[in-house]
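Q: My questions are about this predicted structure, shown below with the sequence.
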Amino acid sequence: MSAIKSIKSIAPLFDRVLVQRVKAQAKTASGIFIPEANVEKLNEAKVIAVGPGMSTQDGVKVAVSVKEGDKVLIPSFGGSPLKVSGEDYLLFRDAEILAKIQE
Amino acid sequence: MSAIKSIKSIAPLFDRVLVQRVKAQAKTASGIFIPEANVEKLNEAKVIAVGPGMSTQDGVKVAVSVKEGDKVLIPSFGGSPLKVSGEDYLLFRDAEILAKIQE
Amino acid sequence: MSAIKSIKSIAPLFDRVLVQRVKAQAKTASGIFIPEANVEKLNEAKVIAVGPGMSTQDGVKVAVSVKEGDKVLIPSFGGSPLKVSGEDYLLFRDAEILAKIQE
Amino acid sequence: MSAIKSIKSIAPLFDRVLVQRVKAQAKTASGIFIPEANVEKLNEAKVIAVGPGMSTQDGVKVAVSVKEGDKVLIPSFGGSPLKVSGEDYLLFRDAEILAKIQE
Amino acid sequence: MSAIKSIKSIAPLFDRVLVQRVKAQAKTASGIFIPEANVEKLNEAKVIAVGPGMSTQDGVKVAVSVKEGDKVLIPSFGGSPLKVSGEDYLLFRDAEILAKIQE
Amino acid sequence: MSAIKSIKSIAPLFDRVLVQRVKAQAKTASGIFIPEANVEKLNEAKVIAVGPGMSTQDGVKVAVSVKEGDKVLIPSFGGSPLKVSGEDYLLFRDAEILAKIQE
Amino acid sequence: MSAIKSIKSIAPLFDRVLVQRVKAQAKTASGIFIPEANVEKLNEAKVIAVGPGMSTQDGVKVAVSVKEGDKVLIPSFGGSPLKVSGEDYLLFRDAEILAKIQE
């Protein structure tokens, strides 16, 4: 039986970044609902948790470049998928995250 | 003839991590049993044993990032399968373990 | 819903360079419009934003070789595509940018 | 003509490990013999001989992590096969050996 | 619209070398013109511009091994193609240039 | 015309090892000749000559681990074939040689 | 038009070695000419010119291991082909040259 009570219990290892993809708008500007198959998958995601970072050959820990709560751009492909309580999440390596989205 | 008396006799080498996948619930909430072929394979696993870690080029031993008893997320693919006393186990490299599951 | 208000809110990570491809002329010298399918895709692009650079093994930050506003040559293939407010953008690693175009 | 008098004359080079796969039980608990094609190949092996180890870039010799007589887990694929006096052996690199089996 | 006024405005980055392939003779010794499809593509090229060179891990800049005006041998395949004012150019990494042609 | 008078004139470069495969017995114990197509190719070889070794990044020459006259185990695939005076030879890199055969 | 007056004008870059394959004998011992398609391509070659060598990370130039006039063994595949004055040449990296042929 799953030991995962909530996504809060996932602690990424190394330089991994746990993100949740931002859901695309499922209705048009005028309020008409778009069938799910036609909703374009966005590359925007919210950072849920980050790992402690990788160590260099000299043992210095290099912090991950994003933090919990950051909005980020993720690549269209890759990442390890994870499903918790019916929601989809992805785990990326820090260097795979393309950009931060500033608000 | 197999020399493996129990899974306790397996001592992973280097930075390898011996895990056992958490079994998915085989019955529905209302108690109806799900045929095994339909049980979704979870990516959750329990750490059974860990290796002594890898050494850096300078000879410093780098400990494995998880420990016996930890609940972890493993990738959907990869790992070396192992069967002991009818139970399935997997061996991963430390860096392949995605995240710890905190309880 | 998308958190990206404008392309100005995209902050590339590491040594990434956010560029927008220069649009090819869609009409001939004599003013006749060329159907979009026949417009040749140019490898020229304008740098919209750059990341903070990568760090060497010794922790020294190496600045990106181009800057915002630069005109550059990009390779015909590769890069991570991004669409913001109906406009197409690409994210490249610094070393993938072929040349600067001096004016 | 073969110069190999016995398996004892094979001295692995570098970090190579010469192993012999443990033979699976060819009869059932009740004593009925299983045809060879149906005998499952075990991943258990006995270490016959080990190389002197690899040298680091600084010239320090790194000993192999297993020794003659050790029982080990080997991966299902890989290794260089060798046949001596009608018996099958395998040569692996030290880092390919998955785990030691403790008795 | 293209920002490239002339090939002189292209400044290669890193260790890149901008070359133009030498055109093969399109007529025979006796003056008969050879149809373009039958003209053999030569591997000779003229260096138009070179980048500032790559930096070593210690930050030392390594100059490119050829210079503007050099005649060089280029490999039959590879390089990034570029068209400026109807002329074809190629961008190579310094280490891909095979040889200098001395006159 | 070939400049190779005898196999003795071949001086391997770097860490290369020139070997000749040991010929499998072409007749059975009772003296019956086996047609050549049925003779199993052995992985045993005799070292004919070795190169001076490779240099480390710090310029220290690392000697090859085998020497002329050694009997060695070679992998089933790989190596550069060479034919001199009708005899077949192979050139391997030192690290590709699997084991020494001690007599 | 080709700028290459003679093969003497080719100066290999880095650790490249310019060689010309030794031509196989096109007639049998008894003087009968062998049609060109049946002449076996030899792996022997003569060194025509060598590059200045590669530099290590510390900037030390490492000389090429062969010199002009050397007879060498080249691999059956690889190398960059070059045709000058109707003759075929090949450019290899130093480490691709298999062995020197001593006379």
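A: Good, I have the coordinates. Numbers count the residues shown, from 1 in each chain, chains lettered A, B, ... in the order given.
Q: The closest residue to A:Pro75 other than its chain neighbours: neighbouring residues, count only.
A: Leaving aside its sequence neighbours, A:Pro75 sits nearest to C:Ser80 (CB to CB, 6 or more residues apart in numbering or on different chains; 5.5 Å). Backbone N, C-alpha and C define where each C-beta goes, glycine included. Neighbourhood size, C:Ser80 [other CB atoms under 10 Å in any protein chain shown]: 20.
Q: residues touching C:Ser80, list them.
A: Shown in contact with C:Ser80 (CB atoms under 8 Å, 6 or more residues apart in numbering or on different chains): A:73, A:75-76, A:98, C:90-91.
Q: Pull out the buried residues from those.
A: A:73, A:98, C:90-91 (16 or more other CB atoms under 10 Å in any protein chain shown).
Q: between those, which is nearest chain D?
A: Distances from chain D to these, taken as CB to the nearest CB, are shortest for A:Leu98 (33.5 Å).
Q: How about that closest one, nearest residue that isn't a chain neighbour?
A: What sits nearest to A:Leu98 in space, not counting adjacent residues and going by CB to CB, 6+ apart, is A:Leu73, at 4.2 Å.
Q: Look up how far chain F lies from that neighbour.
A: Taking CB to the nearest CB, to the nearest Å as the measure, A:Leu73 falls 38 Å from chain F.
Q: Contacts only, for that residue.
A: So A:Leu73 contacts A:43-45, A:97-101, C:10, C:80, C:82, C:91 (CB under 8 Å, 6+ apart).
Q: out of the residues you listed, which are inside strands?
A: Mapping these onto strands (DSSP state E) picks out A:44-45, A:99-101, C:10, C:80, C:82, C:91.
Q: and which of those residues is nearest B:Val50?
A: When the ones in strands among the contacts of A:Leu73 are compared for distance to B:Val50 (CB to CB), A:Ala45 wins out at 31.2 Å.
Q: low-scoring stretches of chain A, by residue?
A: Within chain A, the stretches with pLDDT under 70 are A:1, A:25-29, A:33-41.
Q: Skipping adjacent residues, who's closest to the residue nearest the centre of chain A in space?
A: By CA atoms, centre = their mean, chain A has its centre lying nearest to A:Val19, at 1.4 Å. Excluding its sequence neighbours, the residue lying closest to A:Val19 (CB to CB, 6+ apart) is A:Ala45, at 3.8 Å.
Q: can I assume that neighbour is in contact with A:Gly69?
A: No - using CB atoms under 8 Å as the test, A:Ala45 is too far from A:Gly69 to be in contact (11.7 Å).
Q: Between those two, tell me which one has more neighbours.
A: Just comparing A:Ala45 and A:Gly69: by other CB under 10 Å the higher neighbour count belongs to A:Ala45, 24 against 8.
Q: Let me know the distance separating that one from chain E.
A: Taking CB to the nearest CB, one finds A:Ala45 at 31 Å from chain E.
Q: Stretch A:77-85: end-to-end distance?
A: This stretch, stretch A:77-85, spans 23 Å end to end (CA to CA, to the nearest Å).
Q: What residues are bridge-paired with the residue nearest to A:Leu98?
A: Applying DSSP bridges to A:Leu73 gives these bridge partners: A:Glu44, A:Ala99.
Q: residues touching A:Val19, list them.
A: Contacts of A:Val19 by CB under 8 Å, 6+ apart are A:45-48, A:72, A:74, A:79, A:89-92, A:97.
Q: mind running it again at 10 Å?
A: A:12, A:44-50, A:66, A:70-72, A:74, A:79, A:89-92, A:97 (CB atoms under 10 Å, 6 or more residues apart in numbering or on different chains).
Q: Now do it against A:Lys71, distance only.
A: Remark: distance between A:Val19 and A:Lys71 (CB to CB, to the nearest Å) = 10 Å.
Q: Touching both of the two, which residues are there?
A: Common neighbours of A:Val19 and A:Lys71 (CB under 10 Å, 6+ apart) are A:44-47.
Q: before we move on, the earlier item: if I look at the residue nearest to A:Leu98, how far off is C:Leu82?
A: 7 Å.
Q: Which neighbours do those two have in common?
A: Each of A:43-44, A:98-99, C:4, C:10, C:18, C:91 lies in contact with both A:Leu73 and C:Leu82 under the rule CB under 10 Å, 6+ apart.
Q: Chain neighbours aside, what residue packs nearest to the residue of chain A at minimum distance from chain F?
A: Residue nearest to chain F within chain A (CB to the nearest CB): A:Gln57, separated by 14.7 Å. Excluding the flanking residues, the one nearest A:Gln57 by CB to CB, 6+ apart is B:Thr56, at 6.0 Å.
Q: is it true that the one you found touches A:Asp58?
A: Yes - with contact defined as CB atoms under 10 Å, B:Thr56 reaches A:Asp58; the gap is 8.5 Å.
Q: Looking at these two now, which is surrounded by more residues?
A: Applying other CB under 10 Å to B:Thr56 and A:Asp58 shows that B:Thr56 carries more neighbours, namely 15 against 11.
Q: ok, now which ones touch that one?
A: A:55-59, B:62, D:56.
Q: In strands only, show me those residues.
A: In this view, the contacts of B:Thr56 that belong to strands under DSSP E are A:55, B:62.
Q: just the contacts of B:Thr56 now: which is nearest A:Gly31?
A: A:Ser55 (51.7 Å).
Q: Can you give me the distance of the closest one to B:Val50?
A: 17 Å.
Q: neighbour count winner among the two?
A: B:Val50 (22 against 14).
Q: what's the closest non-adjacent residue to the more buried one?
A: Nearest non-adjacent residue to B:Val50, counting by CB to CB, 6+ apart: B:Val64, 4.4 Å away.
Q: swap in A:Val22?
A: Closest to A:Val22 by CB to CB, 6+ apart is A:Glu44, at 4.1 Å.
Q: Confirm for me that the one you found is in contact with A:Ile97.
A: No - here A:Glu44 lies out of contact with A:Ile97, judged by CB under 10 Å, at a distance of 11.5 Å.
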